[in-house]
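K.L.:
turn this into a structure:
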Amino acid sequence: MIVRELIGGEVVSIAPGATLADAARRMKANGIGSLAVEVGGTFEGIITERDILNACADDIDLDTAHVEEWMTPYPDTFGPDTSVEEAATWMTVAGYRHLPVLEDGVALGIVSIKDILWALTVPTVI
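P.N.:
Numbers count the residues shown, from 1 in each chain. Next comes the predicted model:
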């Protein structure tokens, strides 16, 4: 299996100038733990639930702090044809819980460690 098969639907993204509160609300509304940060459809980085948690722990006002201050710019990424096994190894060794999947610089989606674990442990239904 390849990571392309784990991507469903459209990429949920946010602009770097949005507030952390906006990012948290968007994650909650979509039931996800990270967002692609994009400007005009161009991938710029990733903001995760962990980033927002760190901001909260630092007593940052989520209504005034901006995504660009807390996001990871130009993070490691997977290509869509990366095997799930390779992705699992990479994410485990690096300690990542979310990694964007890009093709020709365009974000196709973000895979989570939960997606990877599911792909490795749930038998394929034929």
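
K.L.:
hey, where'd the strands end up in this protein?
P.N.:
13-14, 34-39, 42-48, 72-73, 98-103, 106-112 (DSSP state E).

K.L.:
now do the third one: which elements does it pack against?
P.N.:
Strand 42-48 makes packing contacts with strand 34-39, strand 72-73, strand 98-103, strand 106-112 when contacts are defined by 3 or more CB pairs under 8 Å, 6 or more residues apart in numbering; DSSP states H and E. Quick note: C-beta positions are derived from backbone N, CA and C, even for glycine.

K.L.:
centre of the chain to it, how far?
P.N.:
Distance of strand 42-48 from the chain centroid (CA atoms, centre = their mean, to the nearest Å) equals 8 Å.

K.L.:
and it, which residues are buried?
P.N.:
For strand 42-48, burial by neighbour count (16 or more other CB atoms under 10 Å) applies to 43-48.

K.L.:
who's in contact with the nearest residue to Val106 once chain neighbours are set aside?
P.N.:
Excluding the flanking residues, the one nearest Val106 by CB to CB, 6 or more residues apart in numbering is Phe43, at 6.8 Å. Shown in contact with Phe43 (CB atoms under 8 Å, 6 or more residues apart in numbering): 36-37, 100, 102, 105-107.

K.L.:
where does pLDDT dip in this protein?
P.N.:
For the chain, the stretches flagged by pLDDT under 70 are 123-126.

K.L.:
repeat that for 80
P.N.:
9, 122-126 (pLDDT under 80).

K.L.:
how deep is the residue nearest to His66 when sequence neighbours are not counted tucked in, by neighbour count?
P.N.:
Nearest residue to His66 in three dimensions, chain neighbours excluded: Gly17, at 5.7 Å (CB to CB, 6+ apart). If you count neighbours by other CB atoms under 10 Å, Gly17 ends up with 11.

K.L.:
no further questions, thank you.
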